[in-house]
Each structure stands twice: as structure tokens, then as C-alpha cells.
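Asks: From the sequence below, what's the structure:
(one chain, ligands or ions: 2)
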Amino acid sequence: MLLLLGIIFIFLLFHTRNTRNTRNTRNTRNTRNTRNTRNTRNTRNTMPPQLPFGLRDGRLLRVEEVARGLSCGCVCPACREPLVAKKGARHAPHFAHHRGGSCAHALETALHLRAKEILEQARRIAVPQVCLHRQQQPLFPAQLIRFDNVRVEQHFGGIVPDLLLEAGSRRLLLEIAATHPAPEKKLKRLQQLGLPALEIDVLHIANVPSGFDSDLIHGLAHKRWLFHPKKQGVEYRLRREAAARPVRHRYFKGRHSFIVPGCPLYKRRWQSGFRKGQGYASLWQDCLYCSRCLEIIYKLETVGYRATPQEPRQVLCWGHLPLPQAPEWVSTV
Ligand code: SF4
Ligand SMILES: [Zn+2]
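Replies: Residues are numbered from 1 along each chain as shown. Ligands and ions are numbered 1, 2, ... in the order given. This next block holds a predicted model:
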């Protein structure tokens, strides 16, 4: 009997150990796999954007449209060096230079040319809605506009827009943001020219298989207005008619705060005293997030040779004005 019990005990001991070992091995494997997956994901996220188009016989082709490797017969749109079509299992299909190395303008040139090619064929583009500063209600809705002509990188009023869409005498400037957004200097010049300008972040739609064309024409998510003369016109009028409301410092029950008496939207009301029933707003809780606030004006003091904002003095607000109606919509192009 004792012998039998001893055998059972030894069997159970071995069994428990084996189970533990197996579990540990599994856990280690899982952790490793998870780590590997995470690393791969991180690598993918941090990987530089790949070249999605190659040039063959004057046409830009997607990597899915050509044969694998050097037999794709494509060259780089920027430096005209031969490309290889890479269609491995680990990375998304893309083109790479046959001789290796990096080509600074390959991606940008390819995306510009492809965008031009598509827009020239389609002769239409969806543009996003135009909203005033901090307003949810659009001044103009998103819409599809048509044009007759596309010009690529032509000098225009001291700048070189990536694309210039023309419909008769009306124009829309298009900035194709492939590697970096439009620089500040260019934006200032666009404002001086007074022409509508739209930016398209093509990098986000470049590697969507067969989605580039439709996203470029109909997508709205990656488009934003750099400048819209009608929107700026309305905002300029609001700024001229806005009221500069004084900010008052208040010390109440051991707390400092800033209030704006006479808030036209009655964000808060005095509950007692001689101002009972009158409206006011809390600067930090109401005005800072208010859709009618244009600017908070501060008292400036020179600190170490720099004019530094100190106490808030006024709020530039257009709460007393009616919501601007959209001027009659005339397509900009
Ligand atoms: S900015 Fe808004 S919250 Fe502040 S006073 Fe004007 S309307 Fe009122
Ligand atoms: Zn190149």
C-alpha cells in the first residue's frame, strides 16, 4: 500500500513540474512574440515613407501594376535611376532604387506628378467646408468643384504653387504636402495674393492600395484650407466690429479670478447685489473656450528684453453680433 502511495506521489510531483515548465515556455514564447510584434509595429510606424509609384514610358504606375523586381522596367521620377519593385511578405509593396541609397526628391516628385496626372484627367476635386474661427457651423459646405486647366509648379505672384487649377479667370492654388507642410513665408505670400489655397496631405493616402486616386479627388480628411479670401473677409469684418471688453480681477473667499462683466451671451449671472441679474463671464472657464472670443489682450512688461504677457486686460469678443450668414456661394474655381 505504502509503495503504491509513494509511486502516485512521485508521479504527481513530476506531472506538476512538467506542467509548470510547459506553461513557462509558453509564456516566454508569447512574451517574445508580443515583443517581436510590437517591435515590428514600431519599426513600421517609424519607417520612412516608401515610394509607391515608378515611371515607365512616361506613365506613373503603382507597384501592384508591375512585375516583381528589376523586370518592372520602371525608373525613379526624380533621378531617372532604375527601380526595383519590392513585393515581399514583411513590408508593404513599394519601389526602391536598384543601386540602393536614398533619393531626396523621389517621393515628392512622384506624388506631385501623380496628383497632376489624376487631376488633369478628372478635372474636378472635392474641397472641405469653410468654417470661421472656432465655429462649428460652416460658412460654406464641402463641395465638388470643376476646373478646365491644371498647371504644375509654375511661377505665380512670387511663389511656385505645386498645382494651379484654373476655371476661366478663377484660380485655386493646391499645395501637395508630401514631406513637409507649406512654409510660413509661402503662407504669408498666399494671403497677400488673396487667392484660395488648399493643402493636401498626400503622404497619408499614398500607400493606400488603389485608394490614392479616389481619395485625392473625393476625400476630405486630408485636405485643409491654407487660406480662403471669403472666410478671411468675414473674420476681418468681425474683428473690426468686435468689442474690447475689460477684464476685472476678483478676489473672493481667498481665490483670485478674472471676470468679464457684461457678457452678451450671459454665460453667468450675478445672483445678488446691485448687479443682480446682469451677465458676466469667467475669463478662464468661459471666454477661453468661447466661440465668439477673438483674442485675449494682455498687459505687456519687458522681461529680459522681451515683451512678456502679464495680466489679462481685455477680451476681444463679437458675442453681441449676429452669426454671419454665408455670403452667396460662388465657387472659387
Ligand atoms: S468671449 Fe464669449 S464668454 Fe467672453 S464675454 Fe464674449 S461672449 Fe461672453
Ligand atoms: Zn531617385
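
Asks: is it true that V63 touches H91?
Replies: No. Between V63 and H91 there is no contact under C-beta atoms under 8 Å: 11.1 Å. C-beta here means a position set from N, CA and C on the backbone, and glycine is covered the same way.

Asks: more crowded one of these two?
Replies: V63 (25 against 14; other C-beta atoms under 10 Å).

Asks: wait, what's in contact with the more buried one?
Replies: 52-54, 72, 85-87, 93-95 (C-beta atoms under 8 Å, 6 or more residues apart in numbering).

Asks: and the residues you listed as a markdown table, adding pLDDT, distance to R146 and secondary structure?
Replies: Formatted as a markdown table, those follow (pLDDT from 0 to 100; distance: C-beta to C-beta, whole Å; DSSP: H, G, I helix; E, B strand; the rest coil):
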| residue | pLDDT | distance to R146 | secondary structure |
| --- | --- | --- | --- |
| P52 | 87 | 27 | coil |
| F53 | 89 | 26 | strand |
| G54 | 92 | 30 | strand |
| C72 | 93 | 35 | helix |
| A85 | 93 | 35 | strand |
| K86 | 92 | 38 | strand |
| K87 | 90 | 37 | coil |
| P93 | 87 | 34 | coil |
| H94 | 89 | 33 | strand |
| F95 | 92 | 33 | strand |
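
Asks: Count residues in the vicinity of the residue of the stretch 51-200 of the chain found nearest ligand 1, would you?
Replies: Ranking the residues of the stretch 51-200 of the chain by distance to ligand 1 (C-beta to the nearest ligand atom) places R134 first, at 10.0 Å. By the criterion of other C-beta under 10 Å, R134 has 11 neighbours.

Asks: returning to that earlier point: pick out the most distant pair among the contacts of V63.
Replies: Across the contacts of V63, no pair lies farther apart than F53 and K87, at 14.6 Å, counting by C-beta to C-beta.

Asks: More neighbours: which of these two?
Replies: Taking neighbours as other C-beta under 10 Å, F53 and K87 compare with F53 leading, 27 against 16.

Asks: hang on, the more buried one packs against A110?
Replies: Yes. Using C-beta under 8 Å, F53 makes contact with A110 at a distance of 4.4 Å.

Asks: Now for the two: what residues contact both?
Replies: 60, 77.

Asks: show me what contacts G168?
Replies: G168 makes contact with D148, according to C-beta under 8 Å, 6+ apart.

Asks: who's in contact with K276?
Replies: With C-beta under 8 Å, 6+ apart, K276 has these contacts: W270.

Asks: Backbone dihedrals for it, both of them.
Replies: Per-residue torsions, K276: phi -50, psi 130 (degrees, to the nearest 10).

Asks: Near ligand 1, which residues of the stretch 151-300 of the chain are found?
Replies: Counting by C-beta under 6 Å from any ligand atom, the stretch 151-300 of the chain comes close to ligand 1 at 245, 260, 263-265, 267, 281, 286-287, 290, 292-293.

Asks: Show me which of the residues you listed are buried.
Replies: 245, 260, 263, 267, 281, 286-287, 290, 292-293 (16 or more other C-beta atoms under 10 Å).

Asks: Which of the residues in stretch 133-142 are classified as buried?
Replies: 139-140.

Asks: CA atoms only for it - export them in CSV, please.
Replies: Taking Å, rounded to 0.1, in the frame of the first residue of the first chain, the C-alpha atoms of stretch 133-142 are listed here in CSV:
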residue,chain,number,x,y,z
HIS,A,133,-12.6,80.7,-36.4
ARG,A,134,-13.9,78.3,-33.6
GLN,A,135,-17.3,77.9,-35.4
GLN,A,136,-18.9,74.5,-36.0
GLN,A,137,-21.4,75.8,-38.5
PRO,A,138,-19.7,76.0,-41.9
LEU,A,139,-19.7,79.3,-43.8
PHE,A,140,-19.6,77.2,-47.0
PRO,A,141,-20.3,73.5,-47.1
ALA,A,142,-17.8,70.9,-48.6
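
Asks: State whether T179 and L203 are indeed in contact, as I suppose.
Replies: Yes. With contact defined as C-beta under 8 Å, T179 and L203 form a contacting pair (7.4 Å).

Asks: Could you name every residue contacting both of these two?
Replies: In contact with both T179 and L203: L107, using C-beta under 8 Å, 6+ apart.

Asks: Of these two, give the one with the bigger neighbour count.
Replies: Between T179 and L203, counted using other C-beta under 10 Å, the more crowded position is L203 (17 against 14).

Asks: can you pull the contacts of that one?
Replies: Residues in contact with L203 (C-beta under 8 Å, 6+ apart) are 49, 107, 111, 177-179.

Asks: let's go with 6 Å and repeat that
Replies: Contacts of L203 were listed using C-beta atoms under 6 Å, 6 or more residues apart in numbering, and they are 49, 178.
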